[in-house]
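> okay, sequence plus prediction incoming.
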Amino acid sequence: MSAPRALTLLALLPLSALALPSHAPPHGSVPGWLPRSVQLGTYLPTPFVPQLQLQWEWTLIQERVDALVLVMELGGGVQLGEVAGAGPRRNARMVSGWQAPALLGLAYRGTRTGGFHWGVTVATGPTFFGATFDALPREQGAVGLVEGKVQFGWKAGPATWGLYGGVAQVYDRPARYNAAQWVGGPLLGVFADWR
């Protein structure tokens, strides 16, 4: 067999797995238009912005314990407390703020037969934000964001409960927005998933 033919065969081998019969358990009874997960978390360390996010999931590939899913996350949060060091001279305070991401991405979900669950999500999209300051004009805007998360949990009955952590990074922080420097960051929280 020639080298190009062998490489072609090796490249197509993973695709052949999609044609094999799956031994996957029957999919859950949650319709695709309902959220499949709720997450309560926060960006760290400052400002403290508790976030509530709903996540929709559509299964692309389902195996016995593994799934590749398309995810969409919508949510938001409100800043608790004030933040010093805002503005071009770092002499203003951000009195209040909010963030509302709308993300689309891919996720891996694995739930072992004993109930242990873990997953990875990578999603991107716009994050809308706003802020008020003590010595600067009010701001509202949007920036592009990419978010990566890992999650660990345990399946108990129809739901999976667990913890997640990760990081959300904006693509660019436009200089015209003083509040953009506080969009995203490390994140930590809890989740419930009824996939």
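On my side now, so go ahead.
> what residues of stretch 93-104 count as buried?
Buried residues in stretch 93-104, defined by neighbour count with 16 or more other Cβ atoms under 10 Å: M94, V95, S96, G97, W98, Q99, A100, P101, A102, L103. All C-beta spots, glycine's among them, are computed from the backbone N, C-alpha and C.
> now do stretch 143-163
Judged by neighbour count using 16+ other Cβ under 10 Å, the buried positions of stretch 143-163 are V143, L145, V146, E147, G148, K149, Q151, G153, K155, T160, G162.
> do the same with stretch 52-61
By neighbour count, and taking 16+ other Cβ under 10 Å as the criterion, the buried residues in stretch 52-61 are Q53, Q55, W56, E57, T59.
> so which of these comes closest to G77?
Q53 (8.6 Å; Cβ to Cβ).
> ok, what's across the strand from that closest one?
When assigned by DSSP bridges, Q53 has beta-bridge partners Q39, G75.
> so how far is A175 from it?
Plainly put, Q53 is 28 Å away from A175 if you go by Cβ to Cβ, to the nearest Å.
> got it, and L44?
If you go by Cβ to Cβ, the gap between L44 and A175 works out to 25 Å.
> higher neighbour count, these two?
The neighbour comparison of L44 against A175 (other Cβ atoms under 10 Å) goes to L44, with 14 against 8.
> fine, thanks again, bye for now.
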